[in-house]
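Chemist: Pasted the sequence and its predicted model underneath.
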Amino acid sequence: MKHVIIGTGPAGVVAAETLRKRLPEADITLLGGEPELPYSRMAIPYHLIGKVDEGGTHLRPTAGHFDALRIELRQHIVESIHPDSKALTLVGGDTLTFDKLLLATGSRATRPPIPGMDLPGVVNCWTLADARKIIAGANAGDDVVLMGAGFIGCIILEALALRGVKLTVVEMENRMVPRMMDEKSGGLLKQWCEAKGVRVLTSTRVQSVSEDAGKLVVELSGHEPLKVNLVISATGVQANTDLANGLLDTNYGIIVNERLQTSHPDIFAAGDVAEGKDFSTGSYSVQAIQPTAVEHGYLAAINMSGGKNALHRGSINMNVLDTMGLISASFGLWQGVDGGDAATLDNTARYRYINLQFEGDVLVGANTLGMTQHIGVMRGLIQNRTRLGKWKHKLMDDPTRVMEAYLAHHVP
């Protein structure tokens, strides 16, 4: 059997390794479009501050790891797939056949349609190649604009501050991390960053970028223009569905069933590119986060190798973020449900915030700031759909008692 995986991120790597465990004699080929060994985007901030070199970002740092597993790792860009003949065409004209194919092509950074976003001093922060540009262009004392205070922006925010740049964050929504945090917690995070010396402009849009005397001029809505050395765009990502468009069922990503199987029975999809099941809603959506990618890759490989009961029950939408030392997290339906109840602890002076969302007596979502303990417990209560009974009322009075609630229901 020939198994081909396109994409060398966490979903692709986990899938290749799982296939090898289950199929010792199979041919397994892992195709990556970047001229790098498989790496983790989550490690890029550590590389930006010099905590790890490029090797430290690699998903499998041991030399010869893939050779030892007899996984053929090839750095080739795939030009097209041909589902009927089960073949791929690579850029350059070579072809490759498969019995089972996994599309783990991930996502790519997008840029808003703003004049000047194609100038050389405007970079993304998504790949190792982007990281090299930032390291070259963001030195101590430089003025830098970070467009976007979402999850990606906040991941690199601390790294940029530690590089000693004079940083301005521009976010068009009214708070930081708007797709992960409510207005209160997002506002507290902004206050925290400003106290650390970072200028944060919310409800502000970048209107254009231009060049003037070797610098970039960033025009803003409602504020004076900024003259900076570098603009980093962290405004969102888009699933890489190009290879599937017109051949497989797609929406925001490639549509898959509970076996991570696409509309073609021998082609599977996993990770950022797959529109998979959401645990909390039961609907299908793209969750571009590493835990979901790993889960998808593992389950897809089992199904590609003949597994019968490896069904994807849905991934919890979960984000945990460290922004300049302040931990924030969101789980499940953190924005609540119609007719549900909410419990909130708000200690602004200590940058501590907890918001729990209930449907009946079941915890369905949570949003926290400044909380480093019991994060896993909170996820466990949501994932197990624990009926809390009287403990719901105790949590309504004091949301910090989540560990006690967990122990009361999960320890005999």
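Modeler: Nice, I can see it.
Chemist: Please count neighbours and contacts with C-alpha atoms only from this point.
Modeler: Fine.
Chemist: Which parts of the chain are helices?
Modeler: Ranges of helices in the chain, per DSSP state H, are 10-22, 44-48, 65-68, 128-137, 151-162, 183-195, 290-304, 375-383, 390-397, 402-410.
Chemist: Which of those sits closest to residue 361?
Modeler: Closest to residue 361 of the helices of the chain is helix 390-397 (C-alpha to C-alpha; 5.7 Å).
Chemist: related to what we said a few turns ago, as a markdown table, the helices of the chain with distance to residue 95 and mean pLDDT would be great.
Modeler: Below are the helices of the chain laid out as a markdown table (distance: least, C-alpha to C-alpha, whole Å; pLDDT from 0 to 100):
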| stretch | distance to residue 95 | mean pLDDT |
| --- | --- | --- |
| helix 10-22 | 20 | 98 |
| helix 44-48 | 33 | 90 |
| helix 65-68 | 22 | 97 |
| helix 128-137 | 27 | 94 |
| helix 151-162 | 36 | 88 |
| helix 183-195 | 49 | 95 |
| helix 290-304 | 21 | 94 |
| helix 375-383 | 43 | 87 |
| helix 390-397 | 59 | 95 |
| helix 402-410 | 53 | 87 |
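Chemist: Just send those helices back as CSV, with distance to residue 54 and mean neighbour count too.
Modeler: As requested, the helices of the chain are exported to CSV (distance: least, C-alpha to C-alpha, whole Å; neighbours: other C-alpha atoms under 10 Å):
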stretch, distance to residue 54, mean neighbour count
helix 10-22, 17, 24
helix 44-48, 7, 22
helix 65-68, 17, 12
helix 128-137, 8, 16
helix 151-162, 15, 21
helix 183-195, 28, 18
helix 290-304, 19, 24
helix 375-383, 30, 19
helix 390-397, 45, 16
helix 402-410, 39, 15
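Chemist: Distance to residue 104 for those - can I get that in JSON lines?
Modeler: Listed next are the helices of the chain as JSON lines, based on distance: least, C-alpha to C-alpha, whole Å:
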{"stretch": "helix 10-22", "distance to residue 104": "6"}
{"stretch": "helix 44-48", "distance to residue 104": "20"}
{"stretch": "helix 65-68", "distance to residue 104": "17"}
{"stretch": "helix 128-137", "distance to residue 104": "18"}
{"stretch": "helix 151-162", "distance to residue 104": "20"}
{"stretch": "helix 183-195", "distance to residue 104": "32"}
{"stretch": "helix 290-304", "distance to residue 104": "8"}
{"stretch": "helix 375-383", "distance to residue 104": "25"}
{"stretch": "helix 390-397", "distance to residue 104": "40"}
{"stretch": "helix 402-410", "distance to residue 104": "36"}
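Chemist: Let me know which of those is the nearest to residue 101.
Modeler: Nearest of these (C-alpha to C-alpha): helix 290-304, 8.2 Å.
Chemist: Now do that closest one against helix 10-22, angle only.
Modeler: 40 degrees (axes from the mean of the first three to the mean of the last three C-alpha atoms, to 10 degrees).
Chemist: elements contacting helix 290-304?
Modeler: On a contact count with 3 or more C-alpha pairs under 8 Å, 6 or more residues apart in numbering; DSSP states H and E, helix 290-304 meets helix 10-22, strand 267-269.
Chemist: what's the residue nearest the centre of the chain in contact with, if anything?
Modeler: The structure's the chain has its C-alpha centroid closest to residue 289; by C-alpha atoms, centre = their mean the separation is 3.1 Å. Residues near residue 289 by C-alpha atoms under 8 Å, 6 or more residues apart in numbering: 271, 272, 319.
Chemist: Now with 7 Å, please.
Modeler: Residue 289 makes contact with no residue, according to C-alpha atoms under 7 Å, 6 or more residues apart in numbering.
Chemist: Where do the strands of the stretch 51-200 of the chain begin and end?
Modeler: Assigned by DSSP state E, counting those that start in this stretch, the strands in the stretch 51-200 of the chain fall at 71-75, 78-82, 87-90, 95-97, 100-103, 107-109, 122-124, 143-147, 166-170, 199-201.
Chemist: will you turn these into CSV that also has distance to residue 358?
Modeler: Output for these, formatted as CSV (distance: least, C-alpha to C-alpha, whole Å):
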stretch, distance to residue 358
strand 71-75, 46
strand 78-82, 45
strand 87-90, 48
strand 95-97, 50
strand 100-103, 36
strand 107-109, 33
strand 122-124, 38
strand 143-147, 34
strand 166-170, 33
strand 199-201, 32
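Chemist: Out of those strands, the one nearest residue 331 is which?
Modeler: Of these, nearest to residue 331 by C-alpha to C-alpha is strand 107-109, at 22.0 Å.
Chemist: Determine how far stretch 14-29 lies from the middle of the whole chain.
Modeler: For stretch 14-29, the separation from the chain centroid amounts to 25 Å (computed by C-alpha atoms, centre = their mean, to the nearest Å).
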